[in-house]
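Peer 1: Here is the input, now give the coordinates:
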Amino acid sequence: MAVPVAFFAVFFAYPVAAITGRGLTVDGVWQFGRIGEVLGDPDIRGVLWFTTWQALASTGLTLLIALPAAYVFARLDFPGKQLLRAVVTVPFVLPTVVVGTAFLALLGRGGLLDELWGVRLDTSVWAILLAHVFFNYAVVVRTVGGLWSQLDPRQEEAARVLGAGRFAAWRRVTLPALVPAVAAAALMVFLFTFTSFGVVQILGGPAYSTLEVEIYRQTAQFLDLPTAAVLTLVQFAAVGAILAVHAWTVRRRESALKLVDPSRTARKPRGVGQWALLGGVLATVAALILVPLGVLVERSLDGPDGYGLGYYRALQSAGASGGTFLVPPLEAVWNSLEYALAATAIALVVGGLAAAALTRRAGRLVRGFDALLMLPLGVSAVTVGFGFLITLDEPPLDLRTSWILVPLAQALVGVPFVVRTMLPVLRAVDERLREAAAVLGASPLRVWREVDLPMVRRALLVAAGFAFAVSLGEFGATVFIARPDNPTLPVAVARLLGRAGDLNYGQAMALSTILMVVCAVALLVLERMRPDRSGSGEF
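Peer 2: Residues are numbered from 1 along each chain as shown. Model (predicted):
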């Protein structure tokens with residue numbers, strides 16, 4: 001645990017504590033009265049209310065729409081299933097800036113709906129909710145469907161033989177087994193939507209603001225650090241409470257499950273009901289996922305002289321963006337790839353060691369460490385990024401001018417995915433194999449190399465794929481620390497969208513399409529080497 005604890009202490013706890021302390025102290029004296037002043041502001045209370053209810057609404061809507069798909073992927077076997085599974089996961093690994101851009105092209109001014117029916121939904125809460133469902137759809141499908149596919153269907157069949165109806169058998173046998181997976185999926189969706197930044201920033205306009213967006217505005221636009229610090233504490237407290245309630249609920253409902261090979265549980269659709277459900281899921285995927293992505297590609301090709309590659313060619317010139325960049329925007333592609341590779345290496349080392357430590361189940365300390373690893377997903381990335389600027393500027397950690405600063409911030413987001421991918425597989429390794437190797441004289445290092453590594457190698461590759469994808473799309477912290485001459489793809493897209501003109505808009509669509517393709521290719525490669533069994537419903 002030493003390396004992961006040190007990493008989180010230096011690059012997460014220290015920057016967050018420093019920026020919060022700077023905002024709430026004057027001449028070394030803590031100004032706790034500022035908390036009451038900020039929370040008493042009606043506008044801030046409105047932000048808190050909107051942040052909470054839109055996260056609850058997004059979570060409920062995502063579960064409602066995605067749970068049928070989780071069943072289809074778990075229990076039904078149909079042509080193109082593996083490809084479709086990869087397609088529905090593409091939105092999750094896309095940066096939230098690209099998600100917002102895709103829905104802007106679909107629902108915004110001059111978008112597809114505007115051209116066809118004169119309907120605009122940008123700057124409305126519906127655009128935000130739909131974009132959140134689009135982004136989090138795969139979380140429910142993968143998390144719940146992964147476990148559902150391994151539940152023995154004979155248990156439910158036995159209940160029906162004993163006289164239970166189809167719904168009663170599902171409610172009493174299958175649903176209780178799925179509750180931890182559904183709770184885990186709901187937790188992840190709520191965290192992502194509670195701290196939503198890119199989607200709300202692009203689609204919400206000035207009318208809607210989450211805590212994350214408000215922290216960014218108070219920090220970057222108004223330089224009001226005290227207000228930003230209070231909002232950071234509120235967000236931190238809310239996320240901590242959510243994680244604690246989730247951990248308590250899951251521990252109360254955890255039970256031993258009889259898991260089987262997923263290949264034995266999937267069957268071809270039978271009857272009108274299953275065919276109708278499959279058709280409904282395919283139609284939902286087409287409307288919710290394929291259409292926004294398709295519109296994004298179409299807008300990147302629709303230039304002033306007709307369809308072509310004009311916007312892509314403009315990415316090769318710094319002057320074409322009207323002074324938005326010091327370098328050609330296309331260089332952001334190579335910058336992002338280099339940063340993401342470095343961040344992936346850091347995340348694999350830190351996350352792999354953390355997963356190995358958590359495998360030992362060493363009481364409350366380890367369980368607390370497990371919760372700590374999830375905090376970067378729920379604490380303001382804006383606060384982390386700005387904290388980097390004010391803390392990592394003195395020896396021996398004078399990193400403000402170093403390229404490694406961006407990968408370090410990206411790795412904070414990648415570590416939780418590495419841990420969640422590797423931990424179930426490590427826990428599934430029979431401890432007796434390790435003990436047998438040790439009895440035969442193998443050192444701990446050799447036991448890891450000969451016993452654990454062969455079993456977790458594929459999970460390690462999957463973890464690397466997810467860490468690479470989420471690092472590639474990190475935006476909240478990177479927007480503060482990416483240098484103007486070395487922008488990342490999400491930062492470049494946001495800057496282009498922030499400037500007027502069709503050329504800037506077209507280049508933003510082109511860069512978003514490039515980023516989408518890179519993420520999709522990484523995901524398809526990852527899909528081919530994902531473990532056949534995970535022993536859990538985790539990603």
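
Peer 1: Can you show me the strands along the stretch 201-350 of the chain?
Peer 2: 302-303, 306-307 (DSSP state E, counting those that start in this stretch).

Peer 1: just so I know, which of these lies nearest Arg45?
Peer 2: Closest of these to Arg45 is strand 302-303, at 42.7 Å (criterion: Cβ to Cβ). For glycine as for every other residue, the C-beta is placed from the backbone atoms N, C-alpha and C.

Peer 1: Can you name every helix or strand that the closest one contacts?
Peer 2: With contacts defined as 3 or more Cβ pairs under 8 Å, 6 or more residues apart in numbering; DSSP states H and E, strand 302-303 has no helix or strand neighbours.

Peer 1: That strand pairs with which strands, parallel or anti?
Peer 2: strand 306-307 (antiparallel) (DSSP bridges).

Peer 1: part of a helix, is Leu121?
Peer 2: No. Under DSSP: H, G, I helix; E, B strand; the rest coil, Leu121 falls outside any helix and is assigned coil.

Peer 1: Relative to Phe134, how far out is it?
Peer 2: 13 Å (Cβ to Cβ, to the nearest Å).

Peer 1: Those two - which one has more neighbours?
Peer 2: Phe134 (25 against 19; other Cβ atoms under 10 Å).

Peer 1: The more buried one: what's it in contact with?
Peer 2: By Cβ atoms under 8 Å, 6 or more residues apart in numbering, the residues touching Phe134 are 91, 99, 102-103, 288-289, 292.

Peer 1: how does it look with 7 Å?
Peer 2: Residues near Phe134 by Cβ atoms under 7 Å, 6 or more residues apart in numbering: 91, 99, 288-289, 292.

Peer 1: That one and Leu523, how far apart?
Peer 2: For Phe134, the distance to Leu523 - Cβ to Cβ - is 15 Å.

Peer 1: got it, and Gly351?
Peer 2: 19 Å.

Peer 1: who has more neighbours, these two?
Peer 2: Gly351 (29 against 22).

Peer 1: What helix or strand is the more buried one located in?
Peer 2: helix 331-359 (DSSP states H and E).

Peer 1: ok, then the element right after that helix?
Peer 2: Immediately after helix 331-359, counting by DSSP H and E, sits helix 364-378.

Peer 1: Return the alpha-carbon coordinates of that following helix using PDB.
Peer 2: Provided in PDB are the C-alpha atoms of helix 364-378 (Å, rounded to 0.1, in the frame of the first residue of the first chain):
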ATOM      1  CA  ARG A 364     -11.100  -1.700   8.100                       C
ATOM      2  CA  LEU A 365      -7.900   0.000   7.000                       C
ATOM      3  CA  VAL A 366      -7.900  -1.700   3.600                       C
ATOM      4  CA  ARG A 367     -11.700  -1.100   3.200                       C
ATOM      5  CA  GLY A 368     -11.100   2.600   3.900                       C
ATOM      6  CA  PHE A 369      -8.300   2.600   1.400                       C
ATOM      7  CA  ASP A 370     -10.700   1.100  -1.200                       C
ATOM      8  CA  ALA A 371     -13.100   4.000  -0.700                       C
ATOM      9  CA  LEU A 372     -10.200   6.500  -1.000                       C
ATOM     10  CA  LEU A 373      -9.400   5.100  -4.400                       C
ATOM     11  CA  MET A 374     -12.900   6.100  -5.700                       C
ATOM     12  CA  LEU A 375     -12.700   9.700  -4.500                       C
ATOM     13  CA  PRO A 376     -11.000  11.100  -7.600                       C
ATOM     14  CA  LEU A 377     -14.100  10.100  -9.600                       C
ATOM     15  CA  GLY A 378     -16.300  12.200  -7.200                       C
END
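
Peer 1: and the angle for it with helix 331-359?
Peer 2: Here helix 364-378 runs at an angle of 160 degrees relative to helix 331-359 (axes from the mean of the first three to the mean of the last three Cα atoms, to 10 degrees).

Peer 1: who touches helix 364-378?
Peer 2: Against helix 364-378 from outside (Cβ under 7 Å, 6+ apart): 1, 8, 12, 191, 194-195, 239, 243, 247, 354, 357-358, 360, 412-413, 415-416, 419.
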